[in-house]
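Student: fold the following.
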Amino acid sequence: MPSPFSGDPRRFYARRARAFLARVLAPVLPLGLVLALIPVLWLGFAGSSRALALGRGGSGESSGVGSEAWLWQKVTVAGAEGPLLAVTADPSGSRVAVADAQGALLGNWTDPGAGPGGWRRVARVGGIRDLHFDGDGALWIASLEGLWHLDPAGRLEERSPGPGQAARRVARVISSGELRVAVGAGGAFLSTGGGGWRRLLDGLPLGSFHAAGLAQQPAAGQSVAGAGGAPDDARRWVLWLLADRELWRVDLERTGEGLEAAPGRRVRIPGRPLEGVPSDLFLDLLGSELVIVYPRALARSLPGRVGPLRWEIDYPVWPAGASALRIVAGVVTGNAAGAIQIRAPGARGRAWLATDGGLLSANSLLGPWRRAGSPLAGMPIAGIAPGRVGGQAFALAAGPGGLYRGHPPILGAAVGPALGPAPGSVLGPALGAAPGKEKPGGPGCPAAAPSLVRVHAEALRRSGLGPDYFRSLRAGLGRRGWWPALALRAGGGADHDRESGWDQSFTYGELHDLLDRSDDRSGGFDASITLAWDLGDLAYPADAPELSREARQIISLRDNVLDELTQLYFDRRRALLALNSQPDKDAPEAELLRLRAEELAAGLDAWTGGWFSAALSAEADSSEGCSPVPLSQVPTPRNEDRT
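Tutor: Now for the predicted structure:
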C-alpha cells in the first residue's frame, strides 16, 4: 500500500494541526475577546466609587507647634565626658546636677537669664541611673555601683541600702520629708533621715523594682497625692512601686515607735493587658492621682474617686516609633523625682514626657502632645528636670546631645504680646537663598515664606509619599473582581501505525511469497476558551489585607516626614523672630541665630529638593511695598495643593 504523502511525516501532521486550529479558533477567539472587554469598558464608563483614604497630616497632634512653644538653648557642661545620663534640679532652683558615664557633676544657677554654670565633678561613679535632691538639699546618686549621698557641705559617702551586690544596684531614689526610698535589683528599701535602711518584704515580691512614687496619705475626702501640709508634718504616706509589669502599694504610718509599713498589695489595672513593661510612674499629674507610663500608652487614675482607684487607659498620639521613658510635672516648686509636687499659685499645669524619639509636652494627658524645639525634637531624652529660678519656670533636658534648658518664649513673663518684626527689620526668609535676593519689602514687612501646607505637599511629592499612588491601587483592587480569568486551551493528537508481514504458501504446486503491508492514521484536535469571574472579590478583595499593611507602613513614614518638616519649619520661624528681636544685628548672638535659621532652611531644602529656597526667592522678589500680614490671614492653598 503506497504512502499517501512523501517527505517527513512530522511536518505533515504539524501542518494539519495548524490548519485545524485555525478553522476552530477563527469564530471563537473574537467572541471571547469581546466578552473579556465588556467589564473593562463598563468600568471605564462607570468609574470607581472607592479610594484609599490616607491621613493628610499625621503631625497635627504629635508635633503641632503652638503659641506655648518654649525656647531651648544648649548649656555647656564643663568637664562632662560623653552623653548625659540623668539630670535633676534643687527645689530651690539654685543647683543643678547631671550624670555622665564617669560620674556626677554639680553646677550653680542663680540668674534665670543665663544657664547654670560653675560645674565641678562631685563623684566618680559608673552606671548612674538616677539623681535626686532631697528636702535638706543633699544630692542622692543612684547607680549600679551603690547609692551615694552628697551633703550640702560637699562630703560624699556611700549609703547603699545593703551590703550585697544586688542591694548596691539602685535604680531610683525618692524622698518626701524625712522619708527616703531606694529601689533596685535588691528590692525596695525605706529609711528615715537617710541613715539606716530596712527592706520592705511583707507582701512584696522578692525581685527587683525599677520605679517608685511617694505621697502623703490623704484624710477623708482628699486625693492620694494631694494631701495638704508640709511633708515633715505628715504621719501617713502611700508608697507606689513598679516591679516588672506589676504595680504595688505599701501604706506607711508614723507611730511613736518609728515608722510602720503595712503589707504590700498588688494593684491591678483593669482592661486588656498593655504591651511592654511600664517605665515610670508619677503622682498628682494634671488631675490624675497616679500615672503609669508604658512605651506607647498611659494608664491614669481618674479624679473624684470614692474608694478604690478608677483607671483609664489612654493611647496618646506620639511621634511614630517613639517609646515613652519618663514623665514629670511641668511648673513645680517641689522635688521632681516621683515625690509629691506642689504647684505654683496660678501656674498652668504641664507634663513633660521624655521618649527615645524626643521631648514632648502637653497641658492634658490626652494631648495634644507637642514636640520641643530642635534638636530636642529628635534626640533621645535620658532625663528631664523642671523647676523655677528667680520665679521663672524652666526645664532641663539631658541626653546624648548634652544638656538643654528651656523657658517660656518671653523670659520673665508667662504671657506677653506677640513677637512681631521691628520696624525696618528683615526676618530673612531668603536665608538659604542666593545672595542679593534678600529684600525687606518695606518697614515691618518681611518677605513672605511658603505656607507649611505647600512645604508638606512639595516634600511628599518629591519623596513619592503622596496619597494618589495608594488611591489608584485601592481603586484597581476594587475593580479586580470585574476582570475575568481568561484561559485558552488547545490540544491535538495524531496516531500513525505501520505494519508489514511476509509469508509463503504452496498452492497447486506453486510456491507463492506473500507480503502484507498496512498504514493506519488517526488524529484528534480540541480548543476551548474559558472566562471565569470571582465576584466575591468585589466585596472582599483577596489582597486587601496586604495592601492595608503596606498603607499603614506608608502612613507611618508620612507621619515621620511631616513631623520632621513641621519641626524644621517652626524652628526656623522661631529663630527668625529671635533674630528680629536682637537690637544689634551684628552681635555674635544675632549671627548664631542667623546661622541657625540658614541651617533649618537647608534642612527644608533637602526635603523639597531646593524648592523651599526657590519659593523664598520668588516671594521675596514680589514683596516690595507690602505690609505685615498675620499668619492667621495667610490664604489657605487649594484642595489640590493639600496632602
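
Student: ok, now which ones touch residue 120?
Tutor: The neighbours of residue 120, taking C-beta atoms under 8 Å, 6 or more residues apart in numbering as the test, are 79, 105, 106, 107. Every residue, glycine included, has its C-beta placed from N, CA and C.

Student: now do the helix or strand hosting it: distance to the chain's middle.
Tutor: Taking DSSP states H and E as the definition, one finds residue 120 inside strand 117-123. Centre-to-centre, strand 117-123 and its host chain are 34 Å apart (C-alpha atoms, centre = their mean, to the nearest Å).

Student: got it, and stretch 547-566?
Tutor: Counting by C-alpha atoms, centre = their mean, stretch 547-566 comes out at 11 Å from the chain centroid.

Student: can you start the count at 45 instead of 1 from here on
Tutor: Fine by me, first position is 45 from now on; the one you just mentioned is stretch 591-610.

Student: list the buried residues for it?
Tutor: Residues of stretch 591-610 classed as buried by neighbour count (16 or more other C-beta atoms under 10 Å): 591, 595, 598-599, 602-610.

Student: just these: which are in helices?
Tutor: Members of the buried residues of stretch 591-610 lying in helices (criterion: DSSP state H): 591, 595, 598-599, 602-610.

Student: save the residues you listed as JSON lines, and put in distance to residue 514 and pLDDT too.
Tutor: Formatted as JSON lines, those follow (distance: C-beta to C-beta, whole Å; pLDDT from 0 to 100):
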{"residue": "591", "distance to residue 514": "8", "pLDDT": "76"}
{"residue": "595", "distance to residue 514": "6", "pLDDT": "78"}
{"residue": "598", "distance to residue 514": "7", "pLDDT": "80"}
{"residue": "599", "distance to residue 514": "9", "pLDDT": "82"}
{"residue": "602", "distance to residue 514": "10", "pLDDT": "83"}
{"residue": "603", "distance to residue 514": "15", "pLDDT": "81"}
{"residue": "604", "distance to residue 514": "17", "pLDDT": "80"}
{"residue": "605", "distance to residue 514": "15", "pLDDT": "86"}
{"residue": "606", "distance to residue 514": "16", "pLDDT": "87"}
{"residue": "607", "distance to residue 514": "20", "pLDDT": "82"}
{"residue": "608", "distance to residue 514": "21", "pLDDT": "84"}
{"residue": "609", "distance to residue 514": "20", "pLDDT": "88"}
{"residue": "610", "distance to residue 514": "22", "pLDDT": "87"}
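
Student: farthest-separated two in those?
Tutor: Farthest apart among these by C-beta to C-beta are 591 and 610. That separation is 27.7 Å.

Student: so where's the stretch 195-344 of the chain uncertain?
Tutor: Applying pLDDT under 70 to the stretch 195-344 of the chain flags residues 262-278, 316-317.

Student: can you give me the strands for it?
Tutor: For the stretch 195-344 of the chain, strands defined by DSSP state E, counting those that start in this stretch occupy the ranges 200-202, 214-220, 223-228, 231-236, 241-243, 255-260, 280-287, 290-299, 302-305, 309-311, 324-329, 332-337, 342-345.

Student: let me know the angle separating the second one from strand 255-260.
Tutor: So the one you mean is strand 214-220. With axes from the mean of the first three to the mean of the last three C-alpha atoms, to 10 degrees as the basis, strand 214-220 and strand 255-260 are set at 10 degrees to each other.

Student: just the third one next, same as before
Tutor: For the pair strand 223-228 and strand 255-260, the angle between their directions (the same axes, to 10 degrees) equals 160 degrees.

Student: quick one, phi psi at the closest residue to residue 577 other than its chain neighbours?
Tutor: Once flanking residues are discounted, residue 577 sits nearest to residue 528: 5.1 Å by C-beta to C-beta, 6 or more residues apart in numbering. Here is the backbone geometry of residue 528 (degrees, to the nearest 10): phi -80, psi 160.

Student: and the gap between residue 528 and residue 162?
Tutor: Distance of residue 528 to residue 162, computed by C-beta to C-beta, to the nearest Å: 81 Å.

Student: which one of those two has more residues nearby?
Tutor: Each of residue 528 and residue 162 has its neighbours counted (other C-beta atoms under 10 Å); residue 528 has more, 18 against 12.

Student: could you check how far residue 529 is from residue 573?
Tutor: From residue 529 over to residue 573 the distance is 11 Å, taken as C-beta to C-beta.

Student: between these two, point out the one with more neighbours.
Tutor: Between residue 529 and residue 573, residue 573 has the larger neighbour count (other C-beta under 10 Å), namely 17 against 10.

Student: tell me the secondary structure for the more buried one?
Tutor: Following DSSP: H, G, I helix; E, B strand; the rest coil, residue 573 is assigned to strand.

Student: how close does it get to residue 537?
Tutor: As judged by C-beta to C-beta, residue 573 and residue 537 stand 20 Å apart.
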